[in-house]
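1. Pasting a predicted model and its sequence here:
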Amino acid sequence: MNKRLNTNSAKTILVVEDRISTIQFNLLLLKERGYDILLKTRYKDAFEYIDTCQHYDLALIDHQIGDSDGFNGGNTLIELSKEKNPKANIVCISAYCDQSSSANANWNKLDDPDTLVELVERLLDTV
């Protein structure tokens, strides 16, 4: 499933999340800030998008994307993104992210939504 939430933005954020309700408010905050949100809710769709080296400035990747093999699915997408789009920053999102992720940053879904906006803005300043 693909959804563009905002098409008038200079920066594109790829969001890979199978349970969109868990971060829906966060995405609305990012959309209000003018970011173009490209949503992939299935591992296969995200893998194909990243593998064909489509453009995005930052990726928010669920560490436990549902229709893959658990933790390895998120890690696979993170590594593929680093290979195919090395200029894009990557944020591992999960209630279970830790420092073992090779993403540029980790964000816990249980944290205050403003912390994600601050993190995204800080990382996009480096792109």
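-> Arrived safely, thanks for sending.

2. Show the contacting residues for the residue nearest the centre of the chain.
-> With distances taken as CA atoms, centre = their mean, residue 60 lies nearest the centre of the chain, 1.3 Å away. Counting by CB atoms under 8 Å, 6 or more residues apart in numbering, residue 60 touches 13, 14, 15, 16, 17, 23, 91, 93, 107, 116, 120. C-beta here means a position set from N, CA and C on the backbone, and glycine is covered the same way.

3. same thing with residue 117?
-> 26, 29, 30, 33.

4. Go through those residues and flag which are in helices.
-> Within the contacts of residue 117, residues falling in helices by DSSP state H are 26, 29, 30.

5. tell me the pLDDT at the first one?
-> At residue 26 the predicted local distance difference test score is 92.

6. I'd say it and residue 118 touch.
-> No - Residue 26 is beyond contact range of residue 118, at 11.5 Å (criterion: CB atoms under 8 Å).

7. mind saving the C-alpha coords of stretch 59-79 as CSV?
-> The C-alpha atoms that make up stretch 59-79 are tabulated as CSV, following Å, rounded to 0.1, in the frame of the first residue of the first chain:
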residue,chain,number,x,y,z
ALA,A,59,13.8,6.7,5.9
LEU,A,60,11.8,5.8,9.0
ILE,A,61,12.0,2.0,9.1
ASP,A,62,10.1,-0.3,11.5
HIS,A,63,12.6,-2.7,13.1
GLN,A,64,10.0,-5.5,13.2
ILE,A,65,8.2,-5.0,9.9
GLY,A,66,5.4,-7.6,9.9
ASP,A,67,5.6,-9.6,6.7
SER,A,68,9.3,-10.4,6.8
ASP,A,69,11.3,-12.5,9.2
GLY,A,70,11.0,-10.4,12.3
PHE,A,71,14.0,-8.3,13.3
ASN,A,72,16.0,-9.3,10.2
GLY,A,73,13.4,-7.6,8.0
GLY,A,74,14.0,-4.2,9.4
ASN,A,75,17.7,-4.7,9.4
THR,A,76,17.6,-5.9,5.8
LEU,A,77,15.8,-2.7,4.7
ILE,A,78,18.2,-0.6,6.7
GLU,A,79,21.2,-2.2,5.1
